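Provide a 3D model corresponding to the input given below.
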Amino acid sequence: MAPNKGRTQQVNVSQVIEERTSRRFAVNLIVLTFLLMIFEGFDVSSLSYVAPVLIEQWNLSTSSFGIVFGASTFGLMLGGFLFGYLGDRLGRKNALLLSIATISLFSLLTVFANTIMSLVFLRFLVGLGLGGTVPLSIVLVNEYAPKKAKGRWVSIMFMGFPLGMSIGGVLSAWLLTHFNWHSVFLAGGIGPLLLMTVLYFKLPESLSFLVGVTTA
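A predicted model of the protein is given here:
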C-alpha cells in the first residue's frame, strides 16, 4: 500500500530555490533576461527614432503623430494586465514567450504600414507585447533569486533596458542613413524573434507555477 498516494505534498518553494540556485544557473538567467531588456529598450524607443522620417515622408504634422505614441503607451498598459493574467494561467515562461512573439510579429508587420491609422493599430499591438516582457521577466528573476540577491539580480537585468535605448539610438541612426525607416522595425522584430528561440530552450519556468500544476 502506497501511503502517499492521493495526498498532496507540500513544497517549500523558497527553500528549494535557496538550496538549488547555482552560479551557472544565476548567470544564465540574468544574461538571458538582460538581453531581453536590451531588445525591449530598443523596441520601446524605435518609434521615436522613426517618427521624424515618417512625419516628413507622409507629410504629417507633429501633433497628428501623437496618436501613434498614445496607442503604443496604451498598449503597454494593457499588456501588463493581459500577460500578467496569462502568466498565471499558462506559466510565466509561456506568457513571456507569447509576449515576445507578439512584439516580433507586429514589429515586422509595421514595415507594411502606409497610413497613420495602420501605424496606430500595429504599434498598439506591439505595445501589448512590450507591456508583458518587463513584469514577467521581473517575476521570474525575483522568484529564482536567493533572498539576499533579489534586488541585485533584478537591477542587473533591468540595466539592459536603458542600454537597449542607447544602442537603439546609434543603430537606428545608422539604419536610417544607409537604408529606410522599414529597417528599424525589421531589426526590432528579428532580434527578439532570434532571442525567443534561445529562451524557449534555456529559460526556466516559474517554480511556483510548476508546483501549482503538479499539486493541482
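
and the residue positioned nearest the centre of the chain, how far from Val184?
Nearest residue to the geometric centre of the chain (Cα atoms, centre = their mean): Thr133, 2.7 Å. Remark: distance between Thr133 and Val184 (Cβ to Cβ, to the nearest Å) = 19 Å. Backbone N, C-alpha and C define where each C-beta goes, glycine included.

so which elements touch the helix or strand Phe121 falls within?
Per DSSP states H and E, Phe121 falls inside helix 116-144. Applying 3 or more Cβ pairs under 8 Å, 6 or more residues apart in numbering; DSSP states H and E, one finds that helix 116-144 contacts helix 13-20, helix 23-57, helix 66-90, helix 92-109, helix 150-158, helix 207-215.

ok, now which ones touch the residue nearest to the centre of the chain?
Each residue near Thr133 by Cβ atoms under 8 Å, 6 or more residues apart in numbering is listed here: Leu36, Met37, Glu40, Phe83, Leu96, Ser99, Ile100, Ile103.

pLDDT weak spots in this protein?
For the chain, the stretches with pLDDT under 70 are 1-23, 208-216.

swap in 50 and give it another go.
1-2, 6-8, 214-216 (pLDDT under 50).

list the buried residues for the helix holding Phe121?
116, 119-141, 143-144 (16 or more other Cβ atoms under 10 Å).

tilt between it and helix 66-90?
Inter-element angle recorded for helix 116-144 and helix 66-90: 40 degrees (by axes from the mean of the first three to the mean of the last three Cα atoms, to 10 degrees).

helix 116-144 versus helix 23-57: what angle between them?
Using the same axes, to 10 degrees: helix 116-144 against helix 23-57 is 170 degrees.

got the angle for helix 116-144 vs helix 92-109?
Angle, helix 116-144 to helix 92-109, by the same axes, to 10 degrees: 160 degrees.

name the element Met196 belongs to?
helix 181-202.

before we move on, the earlier item: Met165: which of the helices and strands packed on helix 116-144 is closest?
helix 23-57 (4.2 Å; Cβ to Cβ).

now that closest one: how far from the chain's centre is it?
Centre-to-centre, helix 23-57 and its host chain are 8 Å apart (Cα atoms, centre = their mean, to the nearest Å).

run the angle between it and helix 150-158 for me.
Using the same axes, to 10 degrees: helix 23-57 against helix 150-158 is 40 degrees.

distance of the residue nearest to Val139 when sequence neighbours are not counted relative to Leu140?
Distance criterion Cβ to Cβ, 6 or more residues apart in numbering; nearest residue to Val139, sequence neighbours excluded, is Arg92 at 5.6 Å. Plainly put, Arg92 is 5 Å away from Leu140 if you go by Cβ to Cβ.

quick check: neighbours shared by the two?
Joint contacts of Arg92 and Leu140 (Cβ under 8 Å, 6+ apart) are Ser206.

out of the helices and strands packed on helix 116-144, deepest packed?
Sort the helices and strands packed on helix 116-144 by mean neighbour count, taking mean count of other Cβ atoms under 10 Å, and helix 92-109 sits at the top with a mean of 22.

ok and it relative to helix 181-202, angle-wise?
Using the same axes, to 10 degrees: helix 92-109 against helix 181-202 is 160 degrees.
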